[in-house]
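S.K.: Here is a sequence with its predicted model. Questions after.
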Amino acid sequence: MKRMSWFNTVSITLGFVFLYLPMVILVVYSFNASKLVTVWAGFSTKWYVELMGNEAFLDAAWVTVKVAVLSSTLATVLGTMAAYVLVRAGRFHGRTLFSGMIYAPLVMPEVITGLSLLLLFIGIGLDRGIFTIILAHTTFAMCYVSVVVSSRLVSFDRALEEAALDLGCTQFQAFRLVTLPIIAPAVISGWLLAFTLSLDDLVIASFTAGPSATTLPIKIFSAVRLGVSPEINALSTIMIGIVTVGVISASLISKRASLRQQAEEQAAVRT
Amino acid sequence: MRRFFLIAVPYIWLLALFLVPFLIVLKISLSDTALAIPPYTPQLDFGAGWDGIRNFFAALDFENFTFLTEDALYWKAYLSSLKIAAVSTFFTLLVGYPIAYAMANARIEWRPTLMMLIILPFWTSFLIRVYSWMGILSQEGYLNQFLMSLGLISEPLIILNTNWAVYIGIVYTYLPFMILPIYAALEKLDGALIEAAEDLGCSRLSAFWLVTFPLSKGGVIAGCFLVFIPALGEFVIPSLLGGSDTLMIGKVLWEEFFSNRDWPVASAVAVVLLLLLIVPIILFQRNEQKAREADQ
């Protein structure tokens, strides 16, 4: 194992330089005083100040957050239901179609998902806006949630649920008191995944957004098409910062929770 | 009753917002372009009873698909999407395999951290990750500045707005999808097998080719599909990093819809793209199933 270590060190180092250097450059140059993004002209935070005064971006950011919170919550509820159906409901008519509709959106190119939803919304005469983006995001995110949750449902011991039922729980109580706490980590990571997918999405939002609602990715995309701009660098830096803090604290919390659960299980075994 | 409700809610949601929209695309791809709102005919007219439905089906035809085969633009776009997706999948494998290999051989206590560092970029905005390369690859960009200051080149390289920028963009954004399955396969590998091969006289390199690589093949195949399938329909990367001559089918569909407002042709392009994706998706699922059976 140790013999290849120089090779391993080199490939890990180069790999991480490749993954992280572009973002480091982006962050560094967001503090550049010059309007020319590629020429360093001293430290400045003026692009952040300018960004804070840019109403259009702030509005778009607000729309994006609203869409992401609502669609990921809805997607988590629907996706958890779908996962429960896939793993626990046994056989029913149209089960194959159901699981097909869960997995197909995962591999469907975004341009097709976006196009087909837009044609539906036009077909039924639904005005495009925040509401249609939420419907679209919920639909594709619920499939991701159900995959995450069902992998957890498959691995847990069904006897626990049966014990709760034997002890007089109703089916719903058994779900709420036994199943849900056990699958909670998967439900939470499903929600986080749905949330980031929604924040991130450009293509589906472009198809389903109307003139009344613009999300941040749509705004960034139209600005970026014209070339690199220091304001977008500042915006990107803020977004990278939020994600980094979020992911690191989420992983710390889940690590602590799993340690606590282990300790509790050990204590329960001992008594 | 409760069970029925539990099944019905997600079922109806997916039927209404996944299957029905897709059937609409299929239907419009068989319709004709028209100067109307919405810009296609025929419209399904239930008011006319059976005659209306019969007329509706009689008016559908494969004209748009014939059009796709006749116009060289679409042919070239499909072929060039396949080529770009295949070439970038190959490069992603080339970059990703050594990283996965090194991670699988790293000390056990480091592995969770390394994993997190691989996954972290996936959580940051895809758009921003693609955008970050625009400043690097442009003519007066950081890469050219760097290479010229080293004296390696005297003229700036033209990379942005070429297919090379698209390859780099795809490798960069899809790298975690390649690394994770290969890492999973390599981590399970029994080190004793390689020792045995070396004891039996294999050089380190031939032990790698004869033992390690074949045993990680499942991970390699899974990684390749996970990169190839989304790369085929990619829109953001070719439109930001590619040039005007970078033809990718996702971009063609977008322009057909938003610029030309030709809905029937855009729908036909979408249907053909899906047909193109079915083969790799089926192969991918077969590979996954084989891996699952091998695990049991």
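M.R.: Thanks, I have it.
S.K.: pLDDT value on residue 80, please?
M.R.: Using chain A here. Per-residue pLDDT puts residue A:80 at 94.
S.K.: oops, I was thinking of chain B
M.R.: 93.
S.K.: quick one, what contacts residue A:214?
M.R.: A:56, A:59, A:60, A:63 (Cβ atoms under 8 Å, 6 or more residues apart in numbering or on different chains). Any C-beta I mention is one placed from the backbone N, CA and C, and that applies to glycine too.
S.K.: Which members of those residues are classed as buried?
M.R.: Buried members of these, scored by 16 or more other Cβ atoms under 10 Å in any protein chain shown, are A:60, A:63.
S.K.: Out of the contacts of residue A:214, which sit inside helices?
M.R.: A:56, A:59, A:60, A:63 (DSSP state H).
S.K.: quick one: what helix or strand has the closest residue in space to residue B:157 that isn't next to it in sequence in it?
M.R.: If the residues on either side of it in the chain are set aside, residue B:157 comes closest to residue B:144, at 6.0 Å by Cβ to Cβ, 6 or more residues apart in numbering or on different chains. In this structure, residue B:144 is located in helix B:142-150 according to DSSP states H and E.
S.K.: Convert the C-alpha atoms of that helix to PDB, please.
M.R.: Extracted C-alpha coordinates of helix B:142-150, given in PDB (Å, rounded to 0.1, in the frame of the first residue of the first chain):
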ATOM      1  CA  TYR B 142      -5.400  33.300 -16.400                       C
ATOM      2  CA  LEU B 143      -4.100  30.200 -18.200                       C
ATOM      3  CA  ASN B 144      -2.700  32.200 -21.100                       C
ATOM      4  CA  GLN B 145      -1.200  34.800 -18.700                       C
ATOM      5  CA  PHE B 146       0.400  32.000 -16.800                       C
ATOM      6  CA  LEU B 147       1.800  30.200 -19.800                       C
ATOM      7  CA  MET B 148       3.100  33.400 -21.400                       C
ATOM      8  CA  SER B 149       4.800  34.500 -18.200                       C
ATOM      9  CA  LEU B 150       6.600  31.200 -18.100                       C
END
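S.K.: can you tell if the one helix or strand residue B:279 maps to touches chain A?
M.R.: Using DSSP H and E, residue B:279 sits in helix B:263-295. Yes. Applying Cβ under 8 Å from any Cβ of the partner chain, one finds that helix B:263-295 is in contact with chain A at B:263, B:266, B:267, B:270, B:273, B:274, B:277, B:281.
S.K.: Mind listing what's buried along that helix?
M.R.: B:263-274, B:276-277, B:280-281, B:284, B:287, B:291.
S.K.: Stretch A:59-79 now?
M.R.: Buried residues in stretch A:59-79 (16+ other Cβ under 10 Å): A:60-61, A:63-64, A:67-68, A:70-72, A:74-79.
S.K.: now, which of the residues you listed lie close to chain B?
M.R.: Applying Cβ under 8 Å from any Cβ to these, those adjacent to chain B are A:78, A:79.
S.K.: Just the buried residues of stretch B:135-151, please?
M.R.: Buried residues in stretch B:135-151 (16+ other Cβ under 10 Å): B:135, B:136, B:137, B:138, B:141, B:142, B:143, B:144.
S.K.: Could you report the neighbour count for residue A:175?
M.R.: The number of residues packed near residue A:175 is 18, by other Cβ atoms under 10 Å in any protein chain shown.
S.K.: wait, doesn't residue B:73 sit right on residue B:252?
M.R.: Yes. Residue B:73 lies in contact with residue B:252 (Cβ atoms under 8 Å); the separation is 7.2 Å.
S.K.: what about the two, which has more around it?
M.R.: Neighbours per residue (other Cβ under 10 Å) separate residue B:73 from residue B:252, with residue B:252 holding more: 24 against 11.
S.K.: In which helix or strand does the residue nearest to the spatial centre of chain B reside?
M.R.: Computing the C-alpha centroid of chain B and ranking residues by Cα atoms, centre = their mean puts residue B:230 first, at 1.5 Å. Per DSSP H and E: residue B:230 is located in helix B:217-232.
S.K.: what angle separates that helix from helix B:263-295?
M.R.: Helix B:217-232 runs at 170 degrees relative to helix B:263-295, counting by axes from the mean of the first three to the mean of the last three Cα atoms, to 10 degrees.
S.K.: Can I get helix B:217-232 in PDB? Just the C-alpha atoms.
M.R.: Extracted in PDB, the C-alpha atoms of helix B:217-232 (Å, rounded to 0.1, in the frame of the first residue of the first chain):
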ATOM      1  CA  LYS B 217     -14.300  -2.600 -14.400                       C
ATOM      2  CA  GLY B 218     -17.800  -2.400 -12.900                       C
ATOM      3  CA  GLY B 219     -17.000   0.900 -11.400                       C
ATOM      4  CA  VAL B 220     -15.400   2.200 -14.500                       C
ATOM      5  CA  ILE B 221     -18.400   1.200 -16.700                       C
ATOM      6  CA  ALA B 222     -20.800   2.800 -14.200                       C
ATOM      7  CA  GLY B 223     -18.800   6.000 -14.000                       C
ATOM      8  CA  CYS B 224     -18.600   6.200 -17.800                       C
ATOM      9  CA  PHE B 225     -22.400   6.000 -18.200                       C
ATOM     10  CA  LEU B 226     -22.900   8.500 -15.400                       C
ATOM     11  CA  VAL B 227     -20.800  11.000 -17.300                       C
ATOM     12  CA  PHE B 228     -21.900  10.000 -20.900                       C
ATOM     13  CA  ILE B 229     -25.700  10.100 -20.400                       C
ATOM     14  CA  PRO B 230     -26.000  13.600 -19.000                       C
ATOM     15  CA  ALA B 231     -23.200  15.000 -21.200                       C
ATOM     16  CA  LEU B 232     -25.200  13.900 -24.300                       C
END
